[in-house]
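A.B. asks: I would like the atomic coordinates for the input below:
(one chain, ligands or ions: 2)
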Amino acid sequence: MLQRAMFRCGQLSSRVFAVEFDLRTQPLYFTLSSNPQELHHAHQQLFGDDGKLFSLHVHSDSRIEKAQAHAEIKHKLCVTLSQDCDVFEASSFIPDVKNSVVKGFFIRDKSTTTLSEDTLKTLQQSKSVCVFSYKREGEYCWQELWSPVDQVQESVRQYITPAAAAEHHPSTLNIRNSDVFYCMDEAYKVLQECTDIIPESKEVLKLVDEQLETSRADGFPVIVIEGLDATGKTTLTEALRESLNATLLKSPPQCLAPFRQRFDSEPPLIRRAFYALGNYITAAHIGKESLRAPVIVDRYWHSTAAYAIATAVGGRVENLPKPGSELYRWPEDLLQPNLVLLLTVSPEERLRRLRDRGQDKTVEEAELEINQLFRLKVEEAYKRIQNPACIIVDASPSPQEVLQQVQHLIRNKCHL
Ligand SMILES: Nc1ncnc2c1ncn2[C@@H]1O[C@H](COP(=O)(O)OP(=O)(O)OP(=O)(O)O)[C@@H](O)[C@H]1O
Ligand SMILES: Nc1ccn([C@@H]2O[C@H](COP(=O)(O)O)[C@@H](O)[C@H]2O)c(=O)n1
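C.D. replies: Residues are numbered from 1 along each chain as shown. Ligands and ions are numbered 1, 2, ... in the order given. Alright, predicted model coming up:
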């Protein structure tokens, strides 16, 4: 079984491993070599500590199976491991090579129990999971394929060799067509691949098929309002509808509402494909409605891409794809709006509005509240999206003042 077919995508020694040890700093990077090499100080923190060390990676030829296995393992590790176990996101990748990432986890177990071994033993029974253990010897540490005590297996000892930081953070390498989709067919294929496990996929695809004609004559202006939750999108879009006599649309569209909860509980690949398809249905509605009146859209592709990128990219804002990256480019086959406005308020004001509203929070909203890094990444990704780029609107004044500001922008940019 030689190292589970060398991860199926290249020899282990040509790969770099990245462990998100502390989200505020760079990941710890290392490669593998047959020669012992002293660990750097930073690596000592992870490998030089007491405790048992393991990593596990998920590989499969089916991307749906891989995405689901990763989500299930994450859940299992969270619920079964004791508090003395630290679990970090770990990926293996070929530096700066797109789609080379194999996702996994790194486990540091300081407990005296065999809970982690028991859990790993169960997980390892799955064909798609490959588990390594790490052993220390003085200044050195090596990785070998892990086998529970009752199974003897031949394994190659590979020494941990500190590696330089990659130019592109590994979590950016697999974004295209896994987290963000740049044409309808790619998102469509994902849902086609899950019809067996998620029967609702068929209904969503049927709705997409029914709405396919997205061509658009040069009609009335289309204005998209974007922003984090509780920045005032609903308040503003309703007011614009009245003042401009416009049609108000949303993405995802109302016809997808019955399926949203189901897809929200799926791994990013499936969840993001669902939202991507929602944009194409909304585009078809925009095409029709803009022949009759100006159209206001509450969230569209900027939201889909910004949330997906911010969720996929681990750690700091600096880890985001660089400004100008192709990952911020608008899909060529998706109807473009005339104007995109991004509502921004301070984190304190947003929290105040969320609290005043007192509604149930989605998991992602709750995460925004506690996770400052995530909020910063969503906002920064919004700002980096191009063609069309968004215009930033300070949405902290009163609703009436925000409306006036936006009406002024619309008059200038769209001559309405
Ligand atoms: N300009 C404003 N000043 C003060 N409060 C506002 C303003 N705009 C909206 N609010 C209040 O903030 C809360 C959130 O506003 P709203 O629902 O419009 O945001 P949203 O961006 O649509 O949120 P979500 O994306 O979560 O649906 C509401 O209670 C609303 O009354
Ligand atoms: N066009 C869109 C709209 C939404 N999303 C995802 O939904 C969440 C926010 O939606 P709200 O209804 O709470 O405003 C957010 O998590 C986005 O991931 C999207 O992807 N595309």
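A.B. asks: CA only for contacts and neighbour counts going forward, please
C.D. replies: Noted.
A.B. asks: Domain-wise, how is this protein divided?
C.D. replies: Following automatic domain parsing, one finds the domains of the chain at 2-173, 175-414.
A.B. asks: Comparing those domains, which yields the minimum mean pLDDT?
C.D. replies: Out of these, domain 2-173 stands lowest, with a mean of 88 (criterion: mean pLDDT).
A.B. asks: Mean neighbour count and distance to ligand 2 added to the domains of the chain, as TSV?
C.D. replies: Shown next, in TSV, are the domains of the chain (neighbours: other CA atoms under 10 Å; distance: least, CA to the nearest ligand atom, whole Å):
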stretch	mean neighbour count	distance to ligand 2
domain 2-173	17	17
domain 175-414	18	3
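A.B. asks: Which helix or strand lies directly C-terminal to the strand or helix carrying Ala284?
C.D. replies: Ala284 belongs to helix 268-289 when assigned by DSSP states H and E. Using DSSP H and E, the helix or strand that follows helix 268-289 in sequence is strand 295-298.
A.B. asks: In the sheet, which strands lie alongside that next one, parallel or antiparallel?
C.D. replies: Strand pairing for strand 295-298, using DSSP bridges, gives strand 222-227 (parallel), strand 247-250 (parallel).
A.B. asks: Get me the contact residues on this protein for ligand 1.
C.D. replies: Counting by CA under 6 Å from any ligand atom, the chain comes close to ligand 1 at 229-235, 353, 356-357, 395-399.
A.B. asks: Mind doing that once more with 8 Å?
C.D. replies: For the chain, the residues in contact with ligand 1 (CA under 8 Å from any ligand atom) are 226-236, 298, 350, 353-354, 356-357, 365, 395-402.
A.B. asks: hmm, back to that, now do the helix holding Ala284 and strand 222-227, the angle between them.
C.D. replies: Orientation of helix 268-289 against strand 222-227 (axes from the mean of the first three to the mean of the last three CA atoms, to 10 degrees) gives an angle of 150 degrees.
A.B. asks: Let's see which of the residues of the chain next to ligand 1 end up in helices.
C.D. replies: Using DSSP state H, 233-236, 350, 353-354, 356-357, 365, 399-402 are the members of those that sit in helices.
A.B. asks: Out of those, flag the one nearest to Gln158.
C.D. replies: Nearest to Gln158 out of those is Glu365 (CA to CA; 42.5 Å).
A.B. asks: returning to what we had before: quick one, which of the strands paired with strand 295-298 is nearest to Val190?
C.D. replies: Nearest of the strands paired with strand 295-298 (CA to CA): strand 247-250, 22.7 Å.
A.B. asks: which other residues reach that closest one?
C.D. replies: 237-238, 241, 282, 285-286, 289, 293-300 (CA atoms under 8 Å, 6 or more residues apart in numbering).
A.B. asks: hang on, Tyr134 packs against Tyr140?
C.D. replies: No - assessed by CA atoms under 8 Å, Tyr134 is found out of contact with Tyr140, at 10.3 Å.
A.B. asks: What backbone torsions are found at the residue of the stretch 1-150 of the chain found nearest ligand 1?
C.D. replies: For the stretch 1-150 of the chain and ligand 1, the shortest gap (CA to the nearest ligand atom) falls at Ala71, measuring 25.6 Å. Backbone torsions for Ala71, taken as degrees, to the nearest 10, come to phi -70, psi -40.
A.B. asks: try the one 3 residues further on
C.D. replies: Comment: the main-chain dihedrals of Lys74 come out as phi -60, psi -50, following degrees, to the nearest 10.
A.B. asks: Now tabulate the ones in helices among the residues of the chain next to ligand 1 in a markdown table and tack on distance to His75.
C.D. replies: Below are these laid out as a markdown table (distance: CA to CA, whole Å):
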| residue | distance to His75 |
| --- | --- |
| Lys233 | 33 |
| Thr234 | 34 |
| Thr235 | 37 |
| Leu236 | 39 |
| Arg350 | 30 |
| Arg353 | 32 |
| Leu354 | 28 |
| Asp356 | 32 |
| Arg357 | 31 |
| Glu365 | 20 |
| Pro399 | 42 |
| Gln400 | 45 |
| Glu401 | 46 |
| Val402 | 42 |
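A.B. asks: now, which of these sits nearest Leu335?
C.D. replies: Lys233 (20.8 Å).
A.B. asks: mind listing what whichever residue of the stretch 301-416 of the chain sits closest to ligand 1 touches?
C.D. replies: For the stretch 301-416 of the chain, the residue closest to ligand 1 is Pro399, as judged by CA to the nearest ligand atom, at 3.6 Å. Contact partners of Pro399, counting by CA under 8 Å, 6+ apart, are Thr235, Leu236.
A.B. asks: try the one 3 residues further on
C.D. replies: Contacts of Val402 were listed using CA under 8 Å, 6+ apart, and they are Leu236, Asp394, Ala395, Ser396.
A.B. asks: Using PDB, write out every CA atom in the host helix or strand of His75.
C.D. replies: Applying DSSP H and E as the criterion places His75 in helix 63-80. Taking C-alpha atoms only, helix 63-80 is exported to PDB below (Å, rounded to 0.1, in the frame of the first residue of the first chain):
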ATOM      1  CA  ARG A  63     -14.500  15.000  -5.200                       C
ATOM      2  CA  ILE A  64     -17.900  14.600  -3.500                       C
ATOM      3  CA  GLU A  65     -16.700  11.700  -1.500                       C
ATOM      4  CA  LYS A  66     -13.500  13.600  -0.500                       C
ATOM      5  CA  ALA A  67     -15.500  16.700   0.500                       C
ATOM      6  CA  GLN A  68     -17.900  14.700   2.600                       C
ATOM      7  CA  ALA A  69     -15.200  12.500   4.200                       C
ATOM      8  CA  HIS A  70     -13.300  15.700   5.200                       C
ATOM      9  CA  ALA A  71     -16.400  17.200   6.800                       C
ATOM     10  CA  GLU A  72     -17.300  13.900   8.600                       C
ATOM     11  CA  ILE A  73     -13.700  13.500  10.000                       C
ATOM     12  CA  LYS A  74     -13.700  17.100  11.200                       C
ATOM     13  CA  HIS A  75     -16.900  16.500  13.100                       C
ATOM     14  CA  LYS A  76     -15.800  13.100  14.400                       C
ATOM     15  CA  LEU A  77     -12.500  14.600  15.700                       C
ATOM     16  CA  CYS A  78     -14.300  17.500  17.400                       C
ATOM     17  CA  VAL A  79     -16.800  15.300  19.200                       C
ATOM     18  CA  THR A  80     -14.700  12.300  20.100                       C
END
